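In: Next one to model:
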Amino acid sequence: MKFGKGIFISGLSAVLVFSLCFTAFSEVNAEKNDEMYMRYITKEDTELFSLPDKEVEFNADKFFTALNSENDYEVYIAINRLIECYNDNELKTKAYNAIEPFKNDSREKIAKAADFACDILSDEFKSEYIYIMDDSSIFFNTFCDYSDYGGYNKIWRIKDGILKEYTTLSEPMIYISDFYLSPDKKLLAVKACSGKSEFLFVISPSEGKIGCEIVSSAKNKIAFANGYSTDVRTDNENYSSAEKIKWIKNDVLEFEGGFTFNDVGKTVTYKVQYDYSNGNVKIIII
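Out: Below is the predicted model:
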């Protein structure tokens, strides 16, 4: 089942907003046979209403209200956002109790979202979407696999019992496709994509560092060695891919990349090994 981009319209009351949104979503879904389909999620979408004029603290009330909406999209978004109640024990318990019934919901995406949210809010951390590092800190992203391309591009971390946003990826990395935990659990590779391109980088929580974007680095190295054009696109798309990703050592990540050149007129495939310890990108002919 696919998820797709929502349309949100601000109004004078939650009831009015829910009503307008439901109409808009119905129009979006007309060609999808009523399937829930979200192509991508924006910050406005995750807020359910228009963005506030300035940054404000997380407001759980509107998401608790949205759980009672007749709009499936708003229910789905509310379940994911209520994970952010984690740091307040009273709200955390309230959120778990409100979301738990949705674990048996007939709507598959909503049921999966509820199961994931409850796993975090209950501190069980058994979900396949949870990545536990060597220092017991926990990484994940919300809205897991909402699209064919992946989940939302915000990464969260729980350390010493406190949930904090670790980073939000910048465009064109609008989806997180997957995470890959190193054998010693000290490093976490993140695969992201735009729907046109794929990107890969490594997080080192103990150092507080995020490594270089590896796919584009490898592409530039291949271009230099072969005399291909190295023009940088204004949209930062690389029109390349990263598959068969795996850690071959604690600090060496390997993948097979498909790299495009000459305005996607030429595609070549190479194996790439990235050594996080020294930043070296090694290109191997397959």
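In: Quick check: can you list the domain ranges of this structure?
Out: Residue ranges for the domains of the chain, per automatic domain parsing: 1-124, 172-286.
In: mind checking how far stretch 232-250 is from the chain centre?
Out: Between the mean C-alpha point of stretch 232-250 and the mean C-alpha point of its chain there is a distance of 16 Å (Cα atoms, centre = their mean, to the nearest Å).
In: Need the phi and psi values for the residue nearest to residue 237 when sequence neighbours are not counted.
Out: Nearest residue to residue 237, sequence neighbours excluded (Cβ to Cβ, 6 or more residues apart in numbering): residue 197, at 4.6 Å. No exception for glycine: its C-beta is placed from N, CA and C like everyone else's. The phi and psi torsions at residue 197 (degrees, to the nearest 10) take the values phi -130, psi 160.
In: So which residues of the stretch 151-286 of the chain form helices?
Out: Here the stretch 151-286 of the chain has its helices, by DSSP state H, counting those that start in this stretch, at 214-226.
In: circling back: and for the residue nearest to residue 237, the neighbour number?
Out: 22 (other Cβ atoms under 10 Å).
In: Check whether it really touches residue 240, as I assumed.
Out: Yes. Between residue 197 and residue 240 there is a contact under Cβ atoms under 8 Å: 6.1 Å.
In: sorry, back to before: which residues does the residue nearest to residue 237 contact?
Out: By Cβ atoms under 8 Å, 6 or more residues apart in numbering, residue 197 lies in contact with 172, 215, 237, 238, 239, 240, 241.
In: For residue 151, see how far away it is.
Out: For residue 197, the distance to residue 151 under the criterion Cβ to Cβ, to the nearest Å works out to 17 Å.
In: What of residue 88?
Out: 24 Å.
In: Give the residue from those two that has the larger number of neighbours.
Out: A side-by-side neighbour count of residue 88 and residue 151, using other Cβ under 10 Å, places residue 151 first with 22 against 13.
In: Could you tell me how many residues sit around the residue lying closest to that one once chain neighbours are set aside?
Out: Excluding the flanking residues, the one nearest residue 151 by Cβ to Cβ, 6+ apart is residue 144, at 4.4 Å. Neighbour count of residue 144, defined by other Cβ under 10 Å: 19.
In: That'll do, ta.
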